[in-house]
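1. give me a 3D structure for the following:
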Amino acid sequence: MAGIGFSLRKLFGRKGMFSLAKAYGYAGLICAGPMLLGVCLLLGVSVLASKGGLSDHDKELLNCMITYSLLASLTVTSVLNMLVTRFVSDMLYEGKTKRIMPSFYGSISVMLVGGGILYGLFLLFSGVDPIYKVLCFLFFAILVVVWTQMNYLTALKEYKGILAGFAVSLAIAFLLALALVWLEKASIVTLFLCVIIGYGILMTWYFKLLLDFFPEEEGITLNFLRWADRYKSLIGAGFFVHVGLFAHLVIMYFGPLRVQVEGLFYGAPQYDVPALAAYFSLLITTVNFVTSVEVNFYPKYRNYYGLFNDKGSILDIEQAEKEMLSVARKELTFGAYKQLIATILFVVFGSGILQALPLGFNDTSIGIYRLLCVGYGLYAVANTLMLILLYFADNKGALMASGVFATVSVAATIVSILFWDIPFFGIGFGIGSVCFYLASWIRLEWYTKKLPYFLLSKQAVLPDERRKVFGRLCDWLEKRAASREQKDTK
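-> The predicted model follows:
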């Protein structure tokens with residue numbers, strides 16, 4: 001969140017309702033703007049597919065291919081998401097900005113190769129036309145790059161440029177699709193190409209922003225893997241959160257609600273659509289977390305850790321710790337209350353709105369939607385607790401809490417399919433979210449009671465100089481790079 005905190009504190013420091021609304025709007029656009037614009041594009045393409053005369057089968061297949069590519073790309077990037085974020089943060093702190101872009105190239109190379117092989121095998125045996133396989137793989141590859149760019153772009157202050165890129169690229173994609181409908185050239189291939197072109201423009205736009213901010217490069221591309229030796233917990237935590245958040249959707253493709261669209265492409269419309277609608281209920285907490293942490297909590301956090309670095313007195317450190325933890329509890333409680341109100345509003349008013357829209361909601365879908373609203377609300381609160389654990393460098397605690405979330409969410413969803421009736425299918429994800437909340441809350445309470453101990457006594461007195469697997473690999477690659485440079489100079 002580098003850059004956004006200063007801007008938000010300046011906006012919240014101004015008086016008046018207009019300034020307050022502007023501050024929350026700014027934070028909302030940064031946090032939720034790209035996702036909202038993306039959903040608008042996908043919904044727009046779906047509507048245009050209907051206007052363009054595509055059959056129900058073709059529309060469902062297009063939706064499945066886009067959804068599968070999205071889920072596959074998010075799964076792949078979740079493995080290195082937190083690790084790369086930590087690497088970029090450390091490089092910025094140490095002033096080694098020349099190493100950032102090489103790590104970007106290295107991380108997307110690792111993910112495209114590893115994830116590309118797995119997704120490519122799925123597509124190879126998916127049973128759809130070869131042109132569809134190519135389009136799915138191309139879209140997957142572009143999305144992997146875009147999601148990775150989003151991790152790096154949190155270091156930029158040009159958030160208007162980020163949002164402008166998203167709006168322009170997706171507007172171009174939508175206009176291209178509209179032109180195809182007008183020319184009566186709409187088909188699965190042409191509409192899918194419009195989506196790919198839109199995200200391709202976005203990828204290029206973001207790449208330009210990154211190069212403007214980090215023009216110089218230094219070091220090997222895989223140097224970020226050294227952090228995998230130090231922070232294995234971050235890899236697991238990022239992956240487990242993703243599994244817990246999305247696995248219940250995939251599991252439903254094997255239950256009684258599944259619909260085979262074509263080949264290995266399955267859907268569960270009675271569950272997918274309610275899940276998408278319910279997912280928006282957690283945006284309140286997402287925006288609130290950014291504003292409360294950056295505006296209220298982070299200054300106290302920085303002051304507390306700064307006293308250790310600047311040799312503050314024991315009394316000053318103890319007072320700063322009390323103030324920091326008090327603000328953290330206050331903001332987390334306030335955020336939970338906001339999410340509770342948002343969940344109630346989504347359950348009460350959202351149900352009526354969804355039934356009024358032509359989305360095919362019936363009593364079963366509405367019941368699932370309400371259960372998922374509760375589940376996503378609990379997840380949103382639990383996720384803020386886990387992120388605070390990461391602020392305090394409790395990576396093992398975050399791994400434990402996210403592991404509980406993934407395990408329980410998957411197990412409870414499977415149990416719901418096997419033993420419960422269809423209207424209770426969303427409760428499996430809710431149980432996982434409850435366990436995620438309890439695990440994160442208990443760990444945070446325990447950890448903060450011993451914060452000075454973990455900050456001082458648990459830290460290594462001397463850095464561990466032993467070279468582990470990835471460290472030895474990077475050393476070997478650096479030696480090869482150095483020898484090549486020597487040969488080139490000769």
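
2. only alpha carbons, please: show stretch 186-197 as PDB.
-> The C-alpha trace of stretch 186-197 is given here as PDB (Å, rounded to 0.1, in the frame of the first residue of the first chain):
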ATOM      1  CA  ALA A 186     -20.300 -12.000 -32.700                       C
ATOM      2  CA  SER A 187     -19.200 -15.500 -31.800                       C
ATOM      3  CA  ILE A 188     -17.400 -17.300 -29.000                       C
ATOM      4  CA  VAL A 189     -14.100 -16.700 -30.700                       C
ATOM      5  CA  THR A 190     -14.600 -13.000 -31.500                       C
ATOM      6  CA  LEU A 191     -16.100 -12.100 -28.100                       C
ATOM      7  CA  PHE A 192     -13.300 -14.000 -26.300                       C
ATOM      8  CA  LEU A 193     -10.800 -12.200 -28.400                       C
ATOM      9  CA  CYS A 194     -12.300  -8.900 -27.300                       C
ATOM     10  CA  VAL A 195     -11.800  -9.800 -23.600                       C
ATOM     11  CA  ILE A 196      -8.200 -10.900 -24.400                       C
ATOM     12  CA  ILE A 197      -7.500  -7.700 -26.200                       C
END
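
3. how close does residue 416 sit to residue 427?
-> 6 Å (Cβ to Cβ, to the nearest Å). Yep, even glycine has a C-beta here, placed from its N, CA and C like the rest.

4. neighbour count for these two, which is higher?
-> residue 416 (24 against 19; other Cβ atoms under 10 Å).

5. for the residue nearest to that one when sequence neighbours are not counted, grab the count of nearby residues.
-> Nearest residue to residue 416, sequence neighbours excluded (Cβ to Cβ, 6 or more residues apart in numbering): residue 428, at 4.1 Å. Residue 428 has 26 neighbours, counted by other Cβ under 10 Å.

6. got a pLDDT number for residue 428?
-> In this model, residue 428 is scored at 91, pLDDT.

7. and it, which of the three is it?
-> helix (DSSP: H, G, I helix; E, B strand; the rest coil).

8. might one say that it is in contact with residue 418?
-> No - the criterion here is Cβ atoms under 8 Å, and residue 428 misses it with residue 418 at 10.4 Å.

9. in the helix or strand that residue 375 is a member of, what's buried?
-> Taking DSSP states H and E as the criterion, residue 375 maps to helix 363-391. Residues of helix 363-391 classed as buried by neighbour count (16 or more other Cβ atoms under 10 Å): 364-386, 388-390.

10. for stretch 468-482, same thing?
-> 470, 471, 473, 474, 477.

11. who's in contact with the third one?
-> The neighbourhood of residue 473, defined by Cβ atoms under 8 Å, 6 or more residues apart in numbering, consists of 222, 225.

12. secondary structure element holding it?
-> Take DSSP H and E as the rule and residue 473 turns out to sit in helix 469-489.

13. from the chain's centroid, how far away is that helix?
-> 34 Å (Cα atoms, centre = their mean, to the nearest Å).

14. please apply the same query to stretch 197-208.
-> Stretch 197-208 sits 18 Å away from the centroid of its parent chain (Cα atoms, centre = their mean).

15. quick one: low-confidence ranges for the stretch 151-300 of the chain?
-> Scanning the stretch 151-300 of the chain for pLDDT under 70 picks out 154-160, 294.

16. can you give me the helices for it?
-> 159-182, 188-213, 226-230, 232-251, 269-279, 283-292, 298-309 (DSSP state H, counting those that start in this stretch).

17. of the ones you listed, which approaches residue 432 most closely?
-> Between residue 432 and those, the tightest spacing by Cβ to Cβ is seen for helix 232-251, at 5.7 Å.

18. what packs against that closest one?
-> helix 56-94, helix 269-279, helix 363-391, helix 395-419, helix 427-449 (3 or more Cβ pairs under 8 Å, 6 or more residues apart in numbering; DSSP states H and E).

19. can you redo the ones you listed as CSV with distance to residue 185?
-> Shown next, in CSV, are the helices and strands packed on helix 232-251 (distance: least, Cβ to Cβ, whole Å):
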stretch, distance to residue 185
helix 56-94, 14
helix 269-279, 27
helix 363-391, 34
helix 395-419, 41
helix 427-449, 40
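
20. and of the ones you listed, who's closest to residue 205?
-> Using Cβ to Cβ, the nearest of those to residue 205 is helix 56-94, at 17.9 Å.

21. which secondary structure elements does that closest one sit against?
-> Counting by 3+ Cβ pairs under 8 Å, 6+ apart, helix 56-94 packs on helix 17-51, helix 100-124, helix 130-153, helix 188-213, helix 226-230, helix 232-251, strand 259-262, strand 265-267.

22. show me the shaky parts of the stretch 1-150 of the chain.
-> The low-confidence ranges in the stretch 1-150 of the chain, as defined by pLDDT under 70, are 1-39.

23. dump the helices and strands packed on helix 56-94 to JSON lines, plus distance to residue 435.
-> Formatted as JSON lines, the helices and strands packed on helix 56-94 follow (distance: least, Cβ to Cβ, whole Å):
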{"stretch": "helix 17-51", "distance to residue 435": "25"}
{"stretch": "helix 100-124", "distance to residue 435": "28"}
{"stretch": "helix 130-153", "distance to residue 435": "27"}
{"stretch": "helix 188-213", "distance to residue 435": "35"}
{"stretch": "helix 226-230", "distance to residue 435": "27"}
{"stretch": "helix 232-251", "distance to residue 435": "9"}
{"stretch": "strand 259-262", "distance to residue 435": "30"}
{"stretch": "strand 265-267", "distance to residue 435": "28"}
